[in-house]
Each structure stands twice: as C-alpha cells, then as structure tokens.
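# sequence first, predicted coordinates after that:
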Amino acid sequence: MTEGRQPARDFAKRGMRSIAALLPGVSQRARRYAGDAGDAGDVGDVGHDRARVPALAAALAVGMGALLGCEHVATQQEEARSVAEQDLGADARQNGRLREAFFHVQRALKFNPDNAAAAYLGSVVLLQFCALDEHSSDCRFHEAEVMARKALELDPEHRDARNSLGVILVHEQRFDEAITVLKPLTEDLVYRSPEAAWGNLGWAYLERGSMGEAIDALNRAVAVQPLFCVGQYRLGLAYEKKGDLPLAREAFTKAVDTDVPQCKRLQDAYSARARVLARQGLRDEARADLERCRDMGVQTLAGQKCASQLQTYQ
C-alpha cells in the first residue's frame with residue numbers, strides 16, 4: 001500500500017478542504033485542520049494542553065480506504081462534522097452550558113468515534129457536573145473515567161486527558177492508581193501545565209495520607225506557578241495534617257491574598273485558615289475569616305459550613 005500513499009494524502013486533503021468550506025458550522029480551527037491534513041491538527045480548545053488529533057493518520061486512512069478498498073474509518077465529511085460539534089461543545093462548556101456541551105460531545109463521537117479531543121472534552125464536562133454537586137445524579141465519575149481512558153487509547157500522548165484521568169481517580173479514592181497515572185506527567189517536559197500535574201499528584205498523596213510526598217509535590221506545583229491558589233490551599237492542608245500550623249497558615253494566606261479574583265473567593269481556604277487560627281488561639285481573626293467565607297455565599301457546601309461554625313462564636 002506504500003505506492004498509493006501520496007495520491008491518498010492528496011485526495012484526503014482536497015476532500016477535507018471542500019467539506020470545511022461547505023459546512024457553515026465548521027469553526028476556524030476545523031478549517032485549519034482541513035487546510036493541511038499532513039500535520040497534526042490543533043483542533044481542541046479545552047484544557048491547558050490543546051488536544052492533538054493525528055490528522056495525517058486519519059487523512060491517510062480515509063483517502064487510501066476510498067482509493068484502495070482498505071478498512072473504512074470516518075469519512076471526510078464525518079471528520080469535519082465531528083470537529084465542528086466538538087467546537088460547539090467546547091464553547092458551551094466555557095459558557096457554563098454543560099448539558100448542551102455534553103450533547104455536542106455525543107454528536108461529535110457519533111460522527112467520528114475516534115475523535116480523541118471530543119472524548120477528552122466529554123471527561124471534562126462530566127467532571128464539571130461533579131464540581132457543581134458531587135452527590136448529584138449528574139455526577140458520574142465512572143463515565144468520566146471511560147471518556148478519559150478512551151481519549152488516551154486513541155491518542156496516548158494526550159497529556160490533558162492523562163491529567164483528567166488522574167483527577168477522576170483521586171475522586172474515586174483510587175489513590176495509588178492516580179499516582180501511577182500522574183507521576184509520569186510531572187516528568188514530561190512537553191506538558192504545558194506542570195503545576196496541574198504536580199498539584200494533582202500532591203493531592204493524590206495528600207488524600208492517601210502521605211504528607212511528606214504531598215508537601216514535596218505541592219511545593220513544586222506552587223514554585224512553578226505561585227498564583228496556583230488551589231495548590232497553595234492543598235499545601236496548607238498537608239502542613240496542617242502534619243501539625244505545622246505556622247506553615248499551614250502561611251500557605252492558606254498565599255492561596256487567598258492574590259490578585260486573581262477566583263482565588264480571593266476560595267471559600268475552602270478561608271474556612272481552613274479560620275480553623276488554623278482558632279487552633280492558634282486567634283479567635284477574632286478566625287471569626288473574620290468565617291464571616292468572609294459565609295458572605296461569599298451560603299449556597300455552597302463551604303459557605304454552609306462556615307455559617308454553621310460561626311454559631312460557635314456567638
């Protein structure tokens with residue numbers, strides 16, 4: 001089949017260009033993907049490390065299958081429509097429309113079951129349902145795990161999918177598995193979000209009860225990105241569990257005393273610092289943190305907890 005490779009490649013590239021031009025729903029990223037099927041296409045816009053699709057392999061499979069009668073995969077039109085649906089899903093997710101996002105993920109995978117970026121996006125959307133309410137029927141860690149593993153099966157170098165899988169495994173309390181998944185990512189010089197890899201590895205160690213390893217990993221995370229407030233918060237938890245209250249308080253303070261708006265609203269960090277301050281005998285400072293936490297919103301679990309704890313300060 002080697003002799004037919006160049007004609008097949010040209011056929012696939014021409015087909016993808018024409019489909020991308022004709023379909024009104026295809027995004028600019030899909031058009032770039034169609035414009036050069038000979039390179040790995042940057043067709044995802046979710047996560048820190050943009051998902052990569054093996055465009056050349058897909059194009060060759062389609063083109064050579066049509067010309068030489070080899071095993072059929074997605075057609076050029078299905079490839080393009082899958083990318084378009086994936087883009088619609090990414091946009092819906094970024095705007096908080098999670099059900100709509102998952103609908104587009106399902107359509108993307110229907111058009112092309114081998115779309116690794118769409119499978120990864122599905123795992124992220126399902127995780128976001130859990131972030132809203134881990135006890136809701138919409139929170140389905142198992143399905144999120146299936147999607148993340150599918151993405152990795154289709155593209156073993158999909159680093160964001162590996163990170164997502166590690167997060168899911170921590171939520172499922174499968175800490176040793178999570179560590180096995182995440183540790184290689186911390187050693188990967190290509191991954192563009194090392195703070196996430198180190199932070200999630202540290203979280204896995206923290207939940208497993210390995211405080212020394214947790215502190216080491218989390219210190220690495222915040223060294224790479226000092227504004228990584230969730231990493232600072234988890235580092236504070238590790239120091240607190242180790243019994244080092246001054247360092248725990250320092251880490252919690254770094255988590256919320258930043259110019260990043262979402263960090264200033266990290267209710268869990270205020271609640272944790274209040275707990276440490278109370279243990280240090282600083283009740284007035286602890287009450288102030290609990291009030292800040294409560295005033296940010298009692299609709300959250302952390303806000304409810306802070307409001308309840310304030311009752312003991314009356």
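In hand now; what should we look at? Residues are numbered from 1 along each chain as shown.
# with just CA atoms, put stretch 230-241 into PDB.
Extracted C-alpha coordinates of stretch 230-241, given in PDB (Å, rounded to 0.1, in the frame of the first residue of the first chain):
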ATOM      1  CA  VAL A 230      -5.700  25.600  44.800                       C
ATOM      2  CA  GLY A 231      -2.100  24.200  45.100                       C
ATOM      3  CA  GLN A 232      -1.400  26.600  47.900                       C
ATOM      4  CA  TYR A 233      -4.600  25.600  49.600                       C
ATOM      5  CA  ARG A 234      -3.800  21.900  49.400                       C
ATOM      6  CA  LEU A 235      -0.200  22.600  50.600                       C
ATOM      7  CA  GLY A 236      -1.800  24.300  53.600                       C
ATOM      8  CA  LEU A 237      -3.900  21.200  54.300                       C
ATOM      9  CA  ALA A 238      -0.800  19.000  54.100                       C
ATOM     10  CA  TYR A 239       1.100  21.200  56.600                       C
ATOM     11  CA  GLU A 240      -2.000  21.300  58.900                       C
ATOM     12  CA  LYS A 241      -2.200  17.500  58.900                       C
END
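# just give me how far that stretch sits from the chain centre.
Between the centre of stretch 230-241 and the centre of its host chain there is 20 Å, according to C-alpha atoms, centre = their mean, to the nearest Å.
# which residues does it contact?
Contacts of stretch 230-241 from elsewhere in the structure, counted by C-beta atoms under 8 Å, 6 or more residues apart in numbering, are 195, 198-199, 202-203, 206, 211, 214-215, 218-219, 221-222, 225, 245, 247-252, 254-255, 266, 268-269, 272-273, 275-276. For every residue, glycine as well, the C-beta is placed using N, CA and C.
# so where's this structure uncertain?
Applying pLDDT under 70 to the chain picks out residues 1-73.
# can you do 80?
The model of the chain has pLDDT under 80 over residues 1-73, 314.
# center of it - which residue?
For the chain, the residue nearest the mean C-alpha position is residue 164 (4.9 Å; C-alpha atoms, centre = their mean).
# so that one sits in a helix?
Yes: note on residue 164: a helix contains this position according to DSSP: H, G, I helix; E, B strand; the rest coil.
# touching, it and residue 123? I think so.
Yes: between residue 164 and residue 123 there is a contact at 4.9 Å, judged by C-beta atoms under 8 Å.
# gap between stretch 107-121 and the chain center?
Its chain's average C-alpha position is 16 Å from that of stretch 107-121, according to C-alpha atoms, centre = their mean.
# an error on my part: the question was meant for stretch 183-192.
Taking C-alpha atoms, centre = their mean, one finds the center of stretch 183-192 at 15 Å from the center of the full chain.
# residues contacting that stretch, please?
With C-beta under 8 Å, 6+ apart as the test, stretch 183-192 has contacts from 48, 49, 159, 162, 163, 166, 194, 197, 198, 201, 217, 220.
# any idea how far the residue nearest to the centre of the chain lies from residue 201?
Computed with C-beta to C-beta, to the nearest Å, the distance linking residue 164 and residue 201 is 14 Å.
# what do you get for residue 210?
Using C-beta to C-beta, one obtains 11 Å as the distance from residue 210 to residue 201.
# which ones are touching residue 291?
Counted by C-beta under 8 Å, 6+ apart, residue 291 has contacts 306, 310.
# give me the phi and psi for it.
The phi/psi pair for residue 291 (degrees, to the nearest 10) reads phi -70, psi -40.
# state the distance from residue 274 to residue 310.
Going from residue 274 to residue 310 by C-beta to C-beta gives 9 Å.
# ok, the two, which is more surrounded?
Relative neighbour count places residue 274 above the other of residue 274 and residue 310, with 26 against 16, counting by other C-beta atoms under 10 Å.
# the more buried one in helix, strand or coil?
Three-state call for residue 274 (three-state DSSP): helix.
# please name the nearest non-neighbouring residue to it.
Beyond its immediate neighbours in the sequence, the residue positioned closest to residue 274 (C-beta to C-beta, 6 or more residues apart in numbering) is residue 289, lying 3.8 Å away.
# and the gap between that neighbour and residue 302?
From residue 289 across to residue 302, the span is 12 Å (C-beta to C-beta).
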